[in-house]
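Enquirer: Generate coordinates for the sequence data below:
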Amino acid sequence: MSEKSILAYFKSPEEAEGVAKKLRALRVVDLSIDRFSRFPGASMYSTGPFTGGMPSLTSVTYGTTYSDKDVSILAAADPSASGMSDGGQGGPTGRDIILSVVVEEESFEKARRIVEEAGGFV
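Expert: Numbers count the residues shown, from 1 in each chain. Sure thing, here's the model as predicted:
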């Protein structure tokens, strides 16, 4: 049998999890839910200006510190890190949760409808 995949974007992990429960009833081949960022790499820890520490500019601006020094430099060099940005950098628009699902071809249209009816951006 042939398989098809869907990539859908959500605003929260809870939204994606709700859809995932419905999709599992369709006998999905594979399913994953992840969060993505405009900067690669997971953050080492979350901090902010009111927690008593300011290890870097990215910790103040983005509320996180990256474990990879190169990613920290990239994030700090972004126009939005200066506070002087107009906000038009084209980064995530609030939909930073991605649901990836692989289904059998005969279930594809039903799966797509489930995702779209739940507010997923396909």
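
Enquirer: Strands of the chain, start to end?
Expert: 3-10, 30-35, 43-46, 64-66, 97-104 (DSSP state E).

Enquirer: Make JSON lines from those and add distance to Ala118 to it.
Expert: Yep, even glycine has a C-beta here, placed from its N, CA and C like the rest. Shown next, in JSON lines, are the strands of the chain (distance: least, Cβ to Cβ, whole Å):
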{"stretch": "strand 3-10", "distance to Ala118": "8"}
{"stretch": "strand 30-35", "distance to Ala118": "13"}
{"stretch": "strand 43-46", "distance to Ala118": "28"}
{"stretch": "strand 64-66", "distance to Ala118": "28"}
{"stretch": "strand 97-104", "distance to Ala118": "10"}
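
Enquirer: quick one: Leu23 from Glu116, how far?
Expert: When distance is defined by Cβ to Cβ, to the nearest Å, Leu23 is 12 Å away from Glu116.

Enquirer: actually Gly18, sorry about that
Expert: Gly18 is 13 Å from Glu116, by Cβ to Cβ.

Enquirer: and the nearest residue to Ala111 once chain neighbours are set aside, how many neighbours does it have?
Expert: Spatially, and ignoring its direct neighbours in sequence, Ala111 is nearest to Val103 (4.8 Å; Cβ to Cβ, 6 or more residues apart in numbering). Neighbour count of Val103, defined by other Cβ atoms under 10 Å: 22.

Enquirer: how deep is Glu104 tucked in, by neighbour count?
Expert: That count, for Glu104 with other Cβ under 10 Å as the rule, works out to 15.

Enquirer: Surely Ala16 and Arg95 touch.
Expert: No. Under the criterion of Cβ atoms under 8 Å, Ala16 makes no contact with Arg95, lying 10.1 Å away.
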